[in-house]
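Visitor: Attaching a predicted model along with its sequence, questions to come.
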Amino acid sequence: MSLTFAPPTDNAIPLHIVTQEGLSAWRDGLEPGAQAWVRAAGFDAGAGAVALIPGADGAIAAAAVGFGDAKTRARGRFQLAAARAALPQGSYRLVSELSGYALDEAALGWLLAGYRFGRYKSATPPKAMLIAPEGVDAPRIEAVAAGEALIRDLINTPASDMGPDELEAAARAVADEFGAQVDVTTGDDLLAQNLPLIHAVGRASPRAPRLIDLRWGDRGPALTLVGKGVCFDTGGLNIKPGSSMGLMKKDMGGAANALGLARMIMALKVPVRLRVLIPAVENSIGGNAFRPQDILTSRKGLTIEVNNTDAEGRLVLADALALADEGGADLIISLATLTGAARVAMGPDLVPFFAKHPRDAMALAIAGAHAADPLWQLPFYEPYEGMIEPGIADLDNAPEGGFAGAITAALFLRRFVENPRYVHLDLYGWQRNAAPARTKGGLGQGPRAILLALPDLLGI
């Protein structure tokens with residue numbers, strides 16, 4: 001994959017970014033022959049449009065990429081990425097007035113346009129390469145792109161090749177690359193280590209459930225990431241219909257995003273004491289599967305009435321969050337493909353998040369906008385607490401009625417975190433249709449925003 005910038009060269013082809021508002025002025029600044037060529041080619045600076053301008057020798061002397069009008073730009077992301085596949089082989093040098101976050105977005109989008117998932121079928125990445133634009137922190141952008149590629153690879157891999165054991169192997173590979181430590185608690189040892197909910201959800205699968213615990217860094221504030229690692233979700237005894245089970249290889253998207261974010265942090269040597277907790281399970285059907293109406297006791301001691309075995313993600317996260325809470329982190333963040341209600345409320349692109357502390361919420365919302373990684377805050381709405389209290393146990397994992405499902409799930413998770421600095425992201429982790437810089441399939445949602453917000457979140 002072409003996820004790095006090209007080395008500088010004196011022969012780089014100028015690549016102009018042209019908006020529709022600036023088209024006339026840009027075109028008027030060209031040589032008369034080039035002006036005529038651009039007009040004859042019908043280049044209108046529409047989003048993703050490309051114009052190749054020949055020199056006197058017939059070789060490409062310059063190229064232009066359309067960025068559309070203000071309305072188009074407001075509605076889209078990564079316009080530069082849309083043009084990469086249309087450009088012929090060569091090294092390009094960006095010519096534009098972009099700066100700051102907009103320039104970072106363009107550079108990152110270019111790199112992400114080179115992503116291909118080639119594990120099962122060969123895929124040819126685009127051959128056009130970009131020299132890192134002036135004003136861009138190239139190592140940072142490349143680290144973010146590599147973390148995003150890891151996220152996509154993990155989610156795109158089907159459950160036949162990405163079960164709890166393979167997810168553990170992926171975590172160990174990342175740890176080995178950056179000198180992190182990994183400890184894993186597997187199978188019945190989960191009971192001995194007081195992680196009963198992870199064991200209950202995963203025990204029906206022949207692929208043993210486990211808790212993956214990665215640690216890195218020995219200075220700075222303590223950041224703990226908790227990622228939902230349900231490698232496949234049948235729904236358990238409350239089995240999903242086939243139409244709902246088709247994408248369940250992505251139910252470990254929270255774990256993938258946590259690992260991708262961890263990779264970014266470690267590659268950039270962010271001064272934090274990082275911990276990543278991943279409860280990795282398959283929610284399978286068997287004689288020893290947990291059942292509707294079972295009452296389970298969590299690590300924290302809270303009892304939970306199981307009213308739907310398909311609401312298993314919050315169960316495995318509950319034990320992992322309780323463990324994270326015991327560690328005294330300065331900030332705990334959970335990432336999970338948790339509820340369909342989040343998608344109904346926000347759609348596939350916009351990730352709802354919940355934050356105990358209002359300053360954390362503000363930092364993440366601002367960072368999401370700057371990083372082209374959109375987030376939107378939903379509330380830990382106290383009046384809905386009664387909806388997750390069934391009476392027969394402390395908590396209900398699947399309240400009746402379906403109202404406010406993303407909020408009630410977040411409230412459920414909050415019961416396991418006493419730490420006043422807790423953030424939860426309910427993400428989708430999937431791109432339904434290909435878009436600029438986003439191939440169809442697995443997708444990172446949240447890591448870029450969190451990474452950008454870390455200085456404000458943790459004072460580093």
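Guide: Good, I have the coordinates.
Visitor: quick one: the strands in the stretch 251-400 of the chain?
Guide: Listed in chain order, the strands of the stretch 251-400 of the chain (DSSP state E, counting those that start in this stretch) span 273-283, 295-297, 303-305, 331-336, 351-355, 375-377, 395-396.
Visitor: ok, now which ones touch residue 100?
Guide: By CB atoms under 8 Å, 6 or more residues apart in numbering, the contact set of residue 100 is residue 135. Bear in mind the C-beta positions are built from the backbone N, C-alpha and C, glycine included.
Visitor: Need the phi and psi values for it.
Guide: Per-residue torsions, residue 100: phi 60, psi -140 (degrees, to the nearest 10).
Visitor: Any figure for the gap between it and residue 135?
Guide: In this structure, residue 100 and residue 135 are 8 Å apart, going by CB to CB, to the nearest Å.
Visitor: try residue 94
Guide: Taking CB to CB, one finds residue 94 at 10 Å from residue 135.
Visitor: These two: which has the busier surroundings?
Guide: The neighbour count for residue 94 versus residue 135, taken as other CB atoms under 10 Å, is higher for residue 94 (23 against 12).
Visitor: Look at the more buried one and give its secondary structure.
Guide: strand (DSSP: H, G, I helix; E, B strand; the rest coil).
Visitor: so what's it up against?
Guide: Going by CB under 8 Å, 6+ apart, residue 94 touches 15, 17, 80, 106, 107, 130, 131, 133.
Visitor: beta partners for it?
Guide: For residue 94, the beta-bridge partners under DSSP bridges are residue 15.
Visitor: quick one on the thing from earlier: tabulate the contacts of residue 94 (TSV), appending secondary structure.
Guide: Output for the contacts of residue 94, formatted as TSV (three-state DSSP):
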residue	secondary structure
15	strand
17	strand
80	helix
106	helix
107	helix
130	strand
131	strand
133	coil
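Visitor: Out of the residues you listed, the closest to residue 31 would be?
Guide: residue 15 (17.4 Å; CB to CB).
Visitor: contacting residues around that closest one?
Guide: With CB under 8 Å, 6+ apart, residue 15 has these contacts: 62, 63, 64, 65, 87, 92, 93, 94, 95, 130.
Visitor: Can you classify the closest residue to residue 72 other than its chain neighbours by secondary structure?
Guide: Residue nearest to residue 72 in three dimensions, not counting chain neighbours: residue 47, with 4.8 Å by CB to CB, 6 or more residues apart in numbering. Secondary structure, three-state DSSP: residue 47 is coil.
Visitor: Now residue 47. Its backbone dihedrals?
Guide: phi -60, psi 120.
Visitor: and it, what pLDDT?
Guide: pLDDT, residue 47: 93.
Visitor: my read: it touches residue 65, true?
Guide: No: the pair residue 47 / residue 65 is not scored as a contact, 9.1 Å apart, by CB atoms under 8 Å.
Visitor: about what we covered before: looking at the contacts of residue 15, which is nearest residue 263?
Guide: residue 130 (22.2 Å).
Visitor: got a list of what the closest one touches?
Guide: Taking CB under 8 Å, 6+ apart as the test, what residue 130 contacts is 5, 6, 15, 84, 91, 92, 93, 94, 107, 110, 111.
Visitor: could I get those residues as CSV with pLDDT and distance to residue 364?
Guide: Formatted as CSV, the contacts of residue 130 follow (pLDDT from 0 to 100; distance: CB to CB, whole Å):
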residue, pLDDT, distance to residue 364
5, 98, 28
6, 96, 33
15, 98, 33
84, 96, 29
91, 97, 36
92, 98, 34
93, 97, 34
94, 97, 29
107, 98, 22
110, 98, 25
111, 98, 23
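Visitor: Would you check which pair of these lies furthest apart?
Guide: 93 and 111 (15.6 Å).
Visitor: Between those two, point out the one with more neighbours.
Guide: residue 111 (26 against 19).
Visitor: unless I'm mixing things up, that one is touching residue 138, no?
Guide: No: Residue 111 is beyond contact range of residue 138, at 9.8 Å (criterion: CB under 8 Å).
Visitor: Common neighbours of those two, please.
Guide: Applying CB under 8 Å, 6+ apart, one finds that residue 111 and residue 138 are jointly contacted by residue 5.
Visitor: Low-confidence ranges, this structure, go.
Guide: Where the chain drops to pLDDT under 70, the residues are 1.
Visitor: Please work out how many residues are found near residue 415.
Guide: 20.
Visitor: Correction: the previous question concerned residue 220.
Guide: 16.
Visitor: Contacts only, for it.
Guide: So residue 220 contacts 270, 271, 272, 273, 458, 460 (CB under 8 Å, 6+ apart).
Visitor: related to what we said a few turns ago, any of the contacts of residue 15 buried? List them.
Guide: 62, 63, 64, 65, 87, 92, 93, 94, 95, 130 (16 or more other CB atoms under 10 Å).
Visitor: Output those in a markdown table, with distance to residue 185 appended to each entry.
Guide: Formatted as a markdown table, these follow (distance: CB to CB, whole Å):
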| residue | distance to residue 185 |
| --- | --- |
| 62 | 58 |
| 63 | 54 |
| 64 | 56 |
| 65 | 50 |
| 87 | 49 |
| 92 | 49 |
| 93 | 51 |
| 94 | 48 |
| 95 | 54 |
| 130 | 44 |
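Visitor: Closest to residue 358 out of the residues you listed?
Guide: residue 94 (38.2 Å).
Visitor: gap between residue 283 and residue 240?
Guide: Distance, residue 283 to residue 240, by CB to CB: 10 Å.
Visitor: More neighbours: the two, which one.
Guide: A side-by-side neighbour count of residue 283 and residue 240, using other CB under 10 Å, places residue 283 first with 30 against 15.
Visitor: Outline the domain layout of the protein.
Guide: With domains defined by automatic domain parsing, the chain comprises 13-136, 142-458.
Visitor: coming back round to it: if I look at the residue nearest to residue 72, how far off is residue 220?
Guide: According to CB to CB, residue 47 and residue 220 sit 41 Å apart.
Visitor: tell me the contacts of residue 381?
Guide: Contacts of residue 381 by CB under 8 Å, 6+ apart are 404, 407, 411.
Visitor: Output those as JSON lines; include the columns neighbour count, secondary structure and distance to residue 312.
Guide: Below are these laid out as JSON lines (neighbours: other CB atoms under 10 Å; DSSP: H, G, I helix; E, B strand; the rest coil; distance: CB to CB, whole Å):
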{"residue": "404", "neighbour count": "20", "secondary structure": "coil", "distance to residue 312": "19"}
{"residue": "407", "neighbour count": "23", "secondary structure": "helix", "distance to residue 312": "19"}
{"residue": "411", "neighbour count": "24", "secondary structure": "helix", "distance to residue 312": "17"}
